[in-house]
Structure formats: C-alpha cells, structure tokens
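> Structure for this input, please:
(4 chains)
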Protein chains: 2
Amino acid sequence: MLGLLLELVVFVGDDMQRRLARDDLTAARAGVLWALRARGPVTQRELATALAVTPRNVTGLVDGLAAAGHVTREPHPTDRRATLVTLTPAGTRLVERLEDEQREFAGLLFDDMPAERLDALGGGLAEILERMRG
Amino acid sequence: MLGLLLELVVFVGDDMQRRLARDDLTAARAGVLWALRARGPVTQRELATALAVTPRNVTGLVDGLAAAGHVTREPHPTDRRATLVTLTPAGTRLVERLEDEQREFAGLLFDDMPAERLDALGGGLAEILERMRG
DNA sequence: TATTGTTATACTCTATAACTATA
DNA sequence: TATAGTTATAGAGTATAACAATA
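Numbers count the residues shown, from 1 in each chain, chains lettered A, B, ... in the order given. As a prediction, this is how the structure comes out:
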C-alpha cells in the first residue's frame, strides 16, 4: 500500500484528525492551542515564531479559533500594535482534555522504547520521545 | 510546546516532507506513487477508493504527477470512459528509492517494540507495526 | 440508468508582497 | 527606520455538485 513509515504517520495523523474534528478543530489550530497552553498569552508574532509559520498564517488560525470561542485577542498592555492571544476558559478545558486523550495513546506506543534506540534517533526526536515516557 | 503525540507526528511528518520536497513531491502525491507501486496501473476511480479521497482530488494529484513525468494516463483497454494511471520508469525508480530511505528510519524507531504492546494497540496500527518489523 | 472523469465552486493551510498603524 | 498585524494574491489539498461521455 503506502510506504510503511508513511502509513504509520498517516494512521496516527488520521486518528488525531478524527478526534480533533469532533471538536471542530484542525491540527494547525490545535497547535495554536497547545502553544498557548505552554506559554500563556503571547503576541501573534511570537506564535508565528513558535509554530515556524508566517504572521499571515497566524492571522487566519487565530480568526478561526476566536470565532469558535477558544481564544480572544486582548490589547497588549504596552505596545498598541500588538495583540495578546489568550485562551478562554472553554479553550483551556478543551486543550486539557485533548492532552489527556493523547497521552494515553502515546504511552501505549512508546513506554518501553529502549534507551539505546533513543540515542540512535538523534536530537529532536529523541528529546520528544524522552518526554513522552516521563 | 505541542501535545507530545502531535509533536511526534509533526516531527516524523516534517522529516518525510523535507525528503519528499527534494524530489518536488508532496505527501499526497507520494501516496499515489506508493499505491501505484503496490497495485500496478489502476483507474482513477480505484485510486480514489484506495486513498479514501474524492475522484476530483485524484484528478489534481495525477495532473501534478503527470506534469513531473512520474506517471502517464493510458487508455483503458475495454472502457473508454476510464484511464489507467501508470508509473513511468522514472516514477518507479523514484518510489523505490524513497521506500529504501524510509525503511531505514522506521527500523530505528520500532524494531524492538514488544509483542504485548502491539496487541494493545488494536487493529490497524498493530498490523502496520507488525509489517514494519518484518 | 449508472459510472468515469471532468469543470465549477468553496474552504483550510500555506506562502510572498504591499500596506497601515505604531514604535 | 523597524516592527505587528492586516489585506491582496497565489497554490496545494480537500470537499460537493453539476455535467459530458460512455457503459
């Protein structure tokens, strides 16, 4: 069928997408919610840097999340050019619930990954898996 | 940062996307190539079913792959409505090379996954991982 | 009538470039 | 001058619906 690794990524990605769709979310918008959960209120410029995406793209993602009631644009206290994107209480509850669901699935996949394997995977991925086991 | 599983999928997916981009491919177009490698020449309708995508979407993907010289549209021998999407020799070489690269990376991730873990993952994913170890 | 693939239209995610308001 | 965020425009991937050619 597909290449095996591609199949795996597609499978896990589709599973995630189905769950996100139940809450009218996409992967890109969920990424914004998780960034906000980790960082607290930030400017769109900071979001663009964190997500490695253009400022124009952040405008659209925040538009969608604001329309759904997950975030608000608050005025920046000292810089009138900037806005602080802020999780609403409903948005906070949503991202916490999704995080719980995913931790369960991730543990099933990677709890017993041996340490030598992690070393061989190198920088970024090894760090991610390390945190998935913690 | 992102949810941990989302991070993993994003990491692996980005890695794949970077490698595909070196050959001017996207994940969706690579999926067509792999389907053709597994099945041989098929109609667009069959591709749409195999990829769980609309016929309209297949039209666009095949347009791109044909423009790049990876596939051709051949007349169906008995049904003049249909076309047989066929890998060119260059397309065949490309998909074989990508498959080799990915098998290496996949083995690094999953070679020692314990069998009980696989059982707990249930249907589709367990089957994929089983084949990745073989 | 039913099926194959197309055109028409629309939405999301992505990008660059030009512009406005502010620093 | 430089920065934050917008509008304008474009392209890929996805969808539904209407249509032409063929079965």
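
> Spell out which helix or strand contains the residue nearest in space to the middle of chain A, please.
Nearest to the centroid of the C-alpha atoms of chain A, with distances taken as C-alpha atoms, centre = their mean, sits A:Gly31, at 2.7 Å. A:Gly31 is part of helix A:27-39, with elements assigned from DSSP states H and E.

> now check the helix or strand containing A:Arg56, is it near chain B?
Assigned by DSSP H and E, A:Arg56 belongs to helix A:55-67. No. Under the criterion of C-beta under 8 Å from any C-beta of the partner chain, chain B is not reached by helix A:55-67; the shortest gap measures 13.6 Å. (Each C-beta comes from the backbone N, C-alpha and C, glycine too.)

> and after that helix, which helix or strand comes next?
Next helix or strand after helix A:55-67 toward the C-terminus (DSSP H and E): strand A:71-75.

> List of residues touching that next one?
If you take C-beta atoms under 8 Å, 6 or more residues apart in numbering or on different chains as the criterion, strand A:71-75 is touched by A:32-33, A:36, A:41, A:62, A:65-66, A:83-88, A:91.

> Could you find which two of the residues you listed are furthest from each other?
Maximum pairwise distance in these, criterion C-beta to C-beta, is 16.6 Å, between A:Leu33 and A:Thr83.

> More neighbours: these two, which one.
Shown here are A:Leu33 and A:Thr83; by other C-beta atoms under 10 Å in any protein chain shown, A:Leu33 has more neighbours (26 against 18).

> out of everything not next to it in sequence, what's closest to that one?
Nearest residue to A:Leu33, sequence neighbours excluded (C-beta to C-beta, 6 or more residues apart in numbering or on different chains): A:Val95, at 4.4 Å.

> Can you get me a residue count around the one you found?
Neighbours of A:Val95 (other C-beta under 10 Å): 23.

> One more: A:Asp24?
Per other C-beta under 10 Å, the neighbour tally for A:Asp24 reads 10.

> what's the answer for A:Asp15, then?
For A:Asp15, the neighbour count with other C-beta under 10 Å is 16.

> could you measure it against A:Trp34, distance?
For A:Asp15, the distance to A:Trp34 (C-beta to C-beta, to the nearest Å) stands at 17 Å.

> The residue nearest to the centre of chain A contacts A:Leu47, correct?
No. Between A:Gly31 and A:Leu47 there is no contact under C-beta atoms under 8 Å: 9.4 Å.

> hang on, the earlier thing: the helix holding A:Gly31 and DNA strand C in contact?
Yes. Helix A:27-39 is in contact with DNA strand C by C-beta under 7 Å from any atom of the strand, via A:Ala27, A:Ala28, A:Arg29.

> Are any of the residues you listed buried, and if so which?
Listed as buried from the residues of helix A:27-39 next to DNA strand C are A:Arg29; burial here means 16 or more other C-beta atoms under 10 Å in any protein chain shown.

> quick check, nearest of the residues of helix A:27-39 next to DNA strand C to chain B?
Among the residues of helix A:27-39 next to DNA strand C, A:Ala27 lies closest to chain B (C-beta to the nearest C-beta), at 7.0 Å.

> Let me see the contact set for A:Leu76.
Careful, residue A:76 is His; it's not Leu. A:His76 is in contact with A:Thr43, A:Ala82, A:Thr83, A:Leu84, counting by C-beta under 8 Å, 6+ apart.

> Please state the backbone phi and psi of the one residue in chain A that gets nearest to DNA strand C?
Of all residues in chain A, A:Thr26 sits closest to DNA strand C, at 2.8 Å by C-beta to the nearest atom of the strand. Phi and psi for A:Thr26, reported as degrees, to the nearest 10, are phi -110, psi 170.

> Quickly note the distance from it to A:Gly64.
A:Thr26 is 8 Å from A:Gly64, by C-beta to C-beta.

> got it, and A:Phe11?
26 Å.

> That concludes my questions; thank you for your assistance.
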